[in-house]
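Trainee: show me the folded form of this:
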Amino acid sequence: MKKLACTLSFIALWALVSLGATPGALAKSSAPAATPYVHVCASAPLDYASCMAILAVNSQFRPDSGPAGYHPADLQSAYNLPSASQGNGQTVAIVDAFDDPNAEADLGVYRSTFGLPACTTGNGCFKKVNQQGQQGNYPTPNAGWAAEISLDLDMVSAICPNCHILLVEADNNHFRNLGKSVNEAVKLGANAVSNSYSGNEAKKEIKIQANDYNHPGVAITASSGDSGYGTGAPAVFNTLTAIGGTHLTRGGGSRGWSETAWSGSGSGCSKYISKPSWQTDPDCSNRTVSDVSADADPATGVSVYDTFQAPGWQVYGGTSVSSPIIASVYALAGNEGSINYGSYPYLNYNYSTNMNDVTSGSNGNCGNYICNAGPGYDGPTGLGTPEGTGAF
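Mentor: Below is the predicted model of the structure:
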């Protein structure tokens, strides 16, 4: 570790030493070899979840002026979103563990940098609560989860700048507390709830799903995971939308953007969760992950501003990026009252008008569509990525 610390920048040292995280094994990436990727949250034991944020250390990915990484205008363009005109009256909740003491201040810097309207406690746009719904008495701060919180808040801002944002901080990363936080978010009026974390799938979590992640009429999204082929909770729950990840680049066709499946995107066939009626893929008799997707590869990562034991502007990837993006697309569409778990995109997608079919890329060696992208539905990217809000 001493030799490693001497060769990496302060950002990597912060991630590896302060957070106790380990570099992710993301072999299939177009990023330069000099850009290491770091999972900022350590792996979690059974019954606990790990955040899915991945730091692209010292990334200079963005060729334009301003902070490195994709900006709000890039993401809005890539997914043809009506971000400037829609989202009023909607609330997107972010559920994460532990506390980010700088959440509101950092959010303010991100939004002002990119010309987005202010979103503060004072103007009623932003609200931060603990898992009991209280403003105050927050949980213990944690640098890794603070990075996750900053990433999530920034992605809601990028996609739905007119939305209100509710941050619910769970006491810790135990599924019991994260689930209680989802319930609290819905209780407080969230139209969409993003969960950018994942843990080992276990049979006993079926009860957690029924008690905590079961809210028809609310769009709940969950990251599919960042370790390639394989499943995790809560993405395997059949009461929400599981979000996979892509590698997003400029250029290609009339869209002006192109995407392939990201090699780190989680996908698979649940061991325990039954197949919902709205999924009809043939090679998995249980719940298949994912449903839809968005940018997640840290090689094509996004700008994030975080100052809690962190240096400010950084580039992040992971399905931590794609989950709040899709939750915010749901909010832009404003159809949450009609949402029945993850079924809405399956009933409303059209590849010629409102979804981008991702047809290449892989996250493993399963031998079929569950780990290989192709025309139509596949595991790593689901039905594809948004082209506007028509499928949501």
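
Trainee: all helices of this structure, in order?
Mentor: 2-7, 10-13, 72-78, 103-113, 143-159, 175-187, 205-212, 319-333, 344-348 (DSSP state H).

Trainee: low-confidence ranges in the protein?
Mentor: 1-34, 63 (pLDDT under 70).

Trainee: still on that earlier bit, quick one: closest of the helices of the chain to Cys371.
Mentor: Cys371 lies closest to helix 319-333 among those, at 15.1 Å (Cβ to Cβ). Every residue, glycine included, has its C-beta placed from N, CA and C.

Trainee: against which helices or strands is the closest one packed?
Mentor: Secondary-structure packing of helix 319-333 (3 or more Cβ pairs under 8 Å, 6 or more residues apart in numbering; DSSP states H and E): strand 91-97, helix 143-159, strand 192-195, strand 219-223, strand 241-250, strand 292-295.

Trainee: packing partners of the second one?
Mentor: Here helix 143-159 touches strand 50-51, helix 72-78, strand 91-97, helix 103-113, strand 164-170, strand 302-306, strand 312-317, helix 319-333, going by 3+ Cβ pairs under 8 Å, 6+ apart.

Trainee: export the ones you listed as CSV, with columns for distance to Ser277.
Mentor: Shown next, in CSV, are these (distance: least, Cβ to Cβ, whole Å):
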stretch, distance to Ser277
strand 50-51, 31
helix 72-78, 31
strand 91-97, 26
helix 103-113, 38
strand 164-170, 30
strand 302-306, 34
strand 312-317, 33
helix 319-333, 20
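
Trainee: leaving out chain neighbours, which residue sits closest to Phe392?
Mentor: Ala333 (4.2 Å; Cβ to Cβ, 6 or more residues apart in numbering).

Trainee: gap between that neighbour and Leu248?
Mentor: 20 Å (Cβ to Cβ, to the nearest Å).

Trainee: now do His164
Mentor: From His164 to Leu248 the distance is 27 Å (Cβ to Cβ).

Trainee: out of the two, which sits in the busier spot?
Mentor: Neighbour count, other Cβ atoms under 10 Å: between His164 and Leu248, Leu248 has more, with 28 against 23.

Trainee: the more buried one and Val236, how far apart?
Mentor: For Leu248, the distance to Val236 - Cβ to Cβ - is 25 Å.

Trainee: ok, now Ile326?
Mentor: 17 Å.

Trainee: the more surrounded of those two?
Mentor: Ile326 (33 against 28).

Trainee: who's in contact with that one?
Mentor: Counting by Cβ atoms under 8 Å, 6 or more residues apart in numbering, Ile326 makes contact with Ser194, Thr221, Thr241, Ile243, Val292, Ser293, Ala294, Pro386, Phe392.

Trainee: repeat that for Pro324.
Mentor: Val92, Ile94, Leu151, Asp152, Met155, Val156, Ile159, Ser194, Ser196, Thr221.

Trainee: same check, this time on Gln131
Mentor: By Cβ under 8 Å, 6+ apart, the neighbours of Gln131 are Pro139, Val168, Glu169, Ala170, Asp171, Asn177, Lys180, Ser181, Glu184.

Trainee: kindly provide the distance from the second one to Ser181.
Mentor: Right, Val168. Distance check for Val168 against Ser181: by Cβ to Cβ, it reads 4 Å.
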